[in-house]
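Asker: Provided below are the primary sequence and the corresponding predicted coordinates.
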Amino acid sequence: MQEPLEAVSAWDPAELGNHRVIVRVERDDAVAVVAVPWITPQHHRGAGLVTTLDGRSSGQAHAVPGGYAFTPSHGPGTYAVYYAPYEDAAKPQYPQHEYLPPEGPSPAGERVACVVERYEARSEHDRYTGMEIPAEPVEGFLAFGESREHPVRMRSLPARWLERAPGPVRLTAAPGEFLAFQIGVYGSRGLRDVRLESQAPGFTCFTLGGVDSLGHAFARRLDLPAHTVHSLWCGLPAEAGTFPVTVLAEDEQPITVTFDVELRGEPRADHGDDDPARLSRLRWLNSRRGAEDTVVRPFTPVTVDGPVLGVLGRTVTLGPDGLPAALTSYFTPEVTAVCDRPTEVLSAPIAFEVPGHRWEGDDWRLTGHGVAQAGWASRRRSGPLTLDLDGTLEFDGTLTYRLTLGAEAAADLDDTRLTIPLAAAPYLMGLGVPGGERPAGLDWHWDVSRNQDALWAGAINAGVQVRLSDEHYVRPLNTNFYHERPLVLPRSWHNDGRGGVRLEGDTLVCYGGPRRVEAGERLVFEVRLALTPFKPIDTAAHFRQRYFHGFRPAAEIAATGATVVNTHHATEVNPYINYPFLAVERLRAYVDDLHAAGLRSKIYYTIRELTTRAPELWALLSLRDEVLAPGPGGGGAWSREHVGDGALPAWFSTATDDSSLITSGRSRWHNYYVEGLDWLVREVGVDGLYLDDLGFDREVMKRVRRVLDQRPEPLVDMHSANQFNEKDGYASSANLYLEHLPYVDRIWFGEYFDYGSRPDRWIVEMAGLPFGVMGEMLQGGGHPWRGLVHGMTSRIYGGDGDPRALWRLFDEVDLPSARMLGYWSPSAPVTVSDPDVRATTYTGDKGALIALGSWHDGPAEVRLDVDWDALGLDPHTAVLRSPAIDGLQEQAVFSAFKPLPVDGGRVLWVSAPRSRSSR
């Protein structure tokens, strides 16, 4: 049997690549030929580099059948043939390793095989295995059993299988383990509908189906091209003994593969999950964890009182047709609490209209009501048209509609439109409009080149996001990869380019345009209304939580004044992106150290890309494009050499030599992710997540929050770079991720954002306040003055700012106990008439902290308008002190009745005996 031949050595891959052969040349009068048995890397151009062992160049090697040929220019002796050298044609974080082309023709002359002393790979991860040595194509329909230790890694038939002795395939496992294994299938002609049958208890085939991320069982059909190997990954609870699996395909004779299981070692109470290499975690792909119909903190159960449905801080009043007649917010203008004063989002009921048709029918009826959601339905008719409505309100304030328009006879329609009359909507974001003040008009049309299908409009304490889709919606990729899998344009709303969204005065009109519907045709118009804010902001918690983002000793971090630690990937305890399971002992010890120092521990763990070091990678590749997003291949050398085409390479970490592949927007990997998070919470003790963009939807986010609710005070913060650019499809991050914000405690929308933007953009795109979250800054530490006006500071994170001086001030004035009254609040006690300066006041028992942010290009003077009674202070005895803040401002004292200088901004502290009028 052909065993793996590559040993592991080490060298700089920058010019030489990841693989070499050490050969001995015995003749200098012939062309040396080197046998290389491995698969050829994707896009390899047929050239290698040759050196002596002491580093002297011997020119190029040229690809020839079965290997490489070169001229031994330094005579007989030992040479190193680097047969996959490359150069980098892109950024280090997103490499495009291009293999070298041959220079000149292949060497001429007599060819003599040299002696191969050893094959070497630069690292264990780069090493080729025996499963990457292809055999010549053979005829027939073949099936082979294989253990988890030898995953199928190529589409060619492995030579290992043809050299193996017949008989049962031996598998070993520990008692109590969930045993993963493979069945490889191959046909010299195309195979159709490949299936497996087995009576073994608990047998499942992950490749052929399972449970999707919404908890629904599904099956997959597997068809294969001729001369293509495909691995079917299976599993069952390990029991000693023999069991058969029958492999079937259309028009082929069934093949039975027999496995013999031997149990070794100590029993595994955890099914083997503590060792990722065992692949027992593959059963996590079918997990339903976190999918229960429960409410997470701080939300409250959905209430139904006649036509009025209620969630935390908001109500939905249904009209007779089941569409909202009113959307009402009870959040205070500061978004810090729920009150009894209503703020209406709508000025009139929402309507679905077909011009020339008047809907008639019975009122809506309740179809279900639980703590987490309520559902209702209605059916309306107008001539040959029917309109079936299904609505759902969930505990977080997400209102979902499916409107199905049917035609019993052919009809020409002038339009199909949803009208949303807006009341309090000074701000708008989405559909090509960056977040900020609402424009006077909007005329938007669908465009697949733009990641745009949603718009948010509202005030800080009352708003709604409107998102349009149909039954064929597939979550697009994002962050640099949108164009690799863009929006699937909804047939109903898009209507071959006739549909769009326009703003007519205060009414948002979502329309499909004129069309003809045929008898029996059905059009599905899906609408999701997210009612904002989702929850009150918690200013006390926000200013108590100070973030250190990085990997340092716990005592060193505690000494900075930080209280929460984000442990990034590409660090000693979390080395590989989005797979924090390969250094668990170090991670667990580090989390214990953080907790012992009084720090809370959060971890970088999300879904967007996945390290190629994940042991499950080969099983995931067997699922085709279900988990790993389809793509052209390319990228870094590792992907070219081991994966080839069909995948989409992503981030590369130079610190840990870690390459990755992009994951799909919805797949069973999300089930695995939720189970993985549960394991990290239980087994490692992490307190929360740092999410670096998101590759999953709100359904998974709800499950994530349910899992984190095991912790006393779980924390989720979310980072996104500015995605309002061509590559990302011109999508504002706050709008793109708004569906997740009910479950996020803090946003970090600061990378590549313009801190020179006007205050309205700060409010909508960066600060998070209209959505019930608070934000922080990045990119050089942001703008401290403008940030503090919006309740934002920065984190200790490399060279991106240093908030420690502000943290010390917060402690001096007890800012966590203060009431935050921003310039957007009608109760703001301090205002500035200058439109380029904004003031936010933090009032507490010790006095008031006034944060001034200036949007002037340089120094300016401003006069404060102070409601002294509201502050409970006497203006004649009050002194405005500008406390010293290292690196930001020097100490100074100002008069309350005179203009004071600002240069970018200023922080003032005012305290004095209470006035008689306020005693």
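Answerer: Structure received.
Asker: Was I right to think residue 57 contacts residue 71?
Answerer: No - contact criterion Cβ atoms under 8 Å: residue 57 and residue 71 do not qualify, at 11.8 Å. No exception for glycine: its C-beta is placed from N, CA and C like everyone else's.
Asker: Who has more neighbours out of those two?
Answerer: Between residue 57 and residue 71, counted using other Cβ atoms under 10 Å, residue 71 has the larger neighbour count: 19 against 11.
Asker: Next one: the spatially closest residue to that one that is not a sequence neighbour from residue 50, what distance?
Answerer: Closest residue in space to residue 71, ignoring its immediate chain neighbours: residue 107 at 4.7 Å, by Cβ to Cβ, 6 or more residues apart in numbering. Distance of residue 107 to residue 50, given as Cβ to Cβ, to the nearest Å: 11 Å.
Asker: quick one: common contacting residues for the two?
Answerer: When contacts are counted by Cβ atoms under 8 Å, 6 or more residues apart in numbering, the set common to residue 107 and residue 50 consists of residue 70.
Asker: So which of those two has more stuff around it?
Answerer: Shown here are residue 107 and residue 50; by other Cβ under 10 Å, residue 50 has more neighbours (27 against 19).
Asker: Could I get the full set of helices for the stretch 51-200 of the chain?
Answerer: Assignment of helices within the stretch 51-200 of the chain using DSSP state H, counting those that start in this stretch yields the ranges 159-163.
Asker: what does the stretch 701-850 of the chain give?
Answerer: 733-736, 759-761, 784-789, 804-813.
Asker: As CSV, the ones you listed with mean neighbour count and distance to residue 600 would be great.
Answerer: Compiled in CSV, the helices of the stretch 701-850 of the chain are given as follows (neighbours: other Cβ atoms under 10 Å; distance: least, Cβ to Cβ, whole Å):
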stretch, mean neighbour count, distance to residue 600
helix 733-736, 27, 25
helix 759-761, 20, 31
helix 784-789, 25, 22
helix 804-813, 17, 16
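Asker: a markdown table for those helices, including distance to residue 823 and mean pLDDT?
Answerer: Formatted as a markdown table, the helices of the stretch 701-850 of the chain follow (distance: least, Cβ to Cβ, whole Å; pLDDT from 0 to 100):
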| stretch | distance to residue 823 | mean pLDDT |
| --- | --- | --- |
| helix 733-736 | 19 | 96 |
| helix 759-761 | 8 | 97 |
| helix 784-789 | 7 | 96 |
| helix 804-813 | 19 | 95 |
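Asker: between the ones you listed, which one is nearest to residue 547?
Answerer: Among the helices of the stretch 701-850 of the chain, the nearest to residue 547 by Cβ to Cβ is helix 804-813 (10.2 Å).
Asker: Nearest residue to the middle of the protein?
Answerer: residue 694 (1.9 Å; Cα atoms, centre = their mean).
Asker: Grab the CA positions of stretch 625-632 and hand them over as PDB.
Answerer: The C-alpha trace of stretch 625-632 is given here as PDB (Å, rounded to 0.1, in the frame of the first residue of the first chain):
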ATOM      1  CA  ASP A 625     -21.700  24.300  -1.700                       C
ATOM      2  CA  GLU A 626     -24.000  23.800   1.400                       C
ATOM      3  CA  VAL A 627     -21.400  25.000   3.900                       C
ATOM      4  CA  LEU A 628     -18.500  26.400   2.000                       C
ATOM      5  CA  ALA A 629     -19.400  29.100  -0.500                       C
ATOM      6  CA  PRO A 630     -18.800  28.100  -4.200                       C
ATOM      7  CA  GLY A 631     -16.000  30.000  -5.900                       C
ATOM      8  CA  PRO A 632     -13.300  29.800  -8.500                       C
END
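Asker: Quick check: buried residues in it?
Answerer: Buried residues in stretch 625-632, counted by 16 or more other Cβ atoms under 10 Å: 626-631.
Asker: so the residue nearest to residue 71 touches residue 70, yeah?
Answerer: Yes - Residue 107 lies in contact with residue 70 (Cβ under 8 Å); the separation is 6.6 Å.
Asker: returning to what we had before: list the contacts for the residue nearest to residue 71?
Answerer: So residue 107 contacts 31, 62, 69-71 (Cβ under 8 Å, 6+ apart).
Asker: at 6 Å what do you get?
Answerer: Contact analysis of residue 107 by Cβ atoms under 6 Å, 6 or more residues apart in numbering lists 31, 69, 71.
Asker: Could you do residue 614 as well?
Answerer: Contacts of residue 614 by Cβ under 6 Å, 6+ apart are residue 579.
Asker: Please give the element, helix or strand, for it.
Answerer: Under DSSP states H and E, no helix or strand contains residue 614.
Asker: Check it and give its pLDDT.
Answerer: Residue 614 is assigned 98 on the pLDDT scale.
Asker: And it, how close does it get to residue 95?
Answerer: 19 Å.
Asker: Could I get the buried residue list for stretch 212-220?
Answerer: Buried residues in stretch 212-220, counting neighbours by 16+ other Cβ under 10 Å, are found at 212-213.
Asker: Apologies, that question was intended for stretch 318-330.
Answerer: Neighbour-count burial for stretch 318-330, counted by 16+ other Cβ under 10 Å, picks out 318-319, 321-330.
Asker: Next, the distance between the ends of it.
Answerer: For stretch 318-330, the first-to-last residue distance is 17 Å (Cα to Cα, to the nearest Å).
Asker: from the chain's centre, how far out does it sit?
Answerer: The chain centre lies 33 Å from the centre of stretch 318-330; the measure is Cα atoms, centre = their mean, to the nearest Å.
Asker: which residues make contact with that stretch from outside it?
Answerer: 307, 313-317, 338-339, 342-346, 349-350, 363-364, 376, 378, 389, 391, 461-462, 531.
Asker: model confidence over it, on average?
Answerer: On average, the pLDDT along stretch 318-330 is 98.
Asker: Show me where the stretch 51-200 of the chain has its strands.
Answerer: Secondary structure of the stretch 51-200 of the chain (DSSP state E, counting those that start in this stretch): strands at 57-64, 67-70, 77-82, 86-88, 97-99, 111-113, 115-121, 141-147, 169-173, 178-187, 195-197.
Asker: Cheers, nothing more for now.
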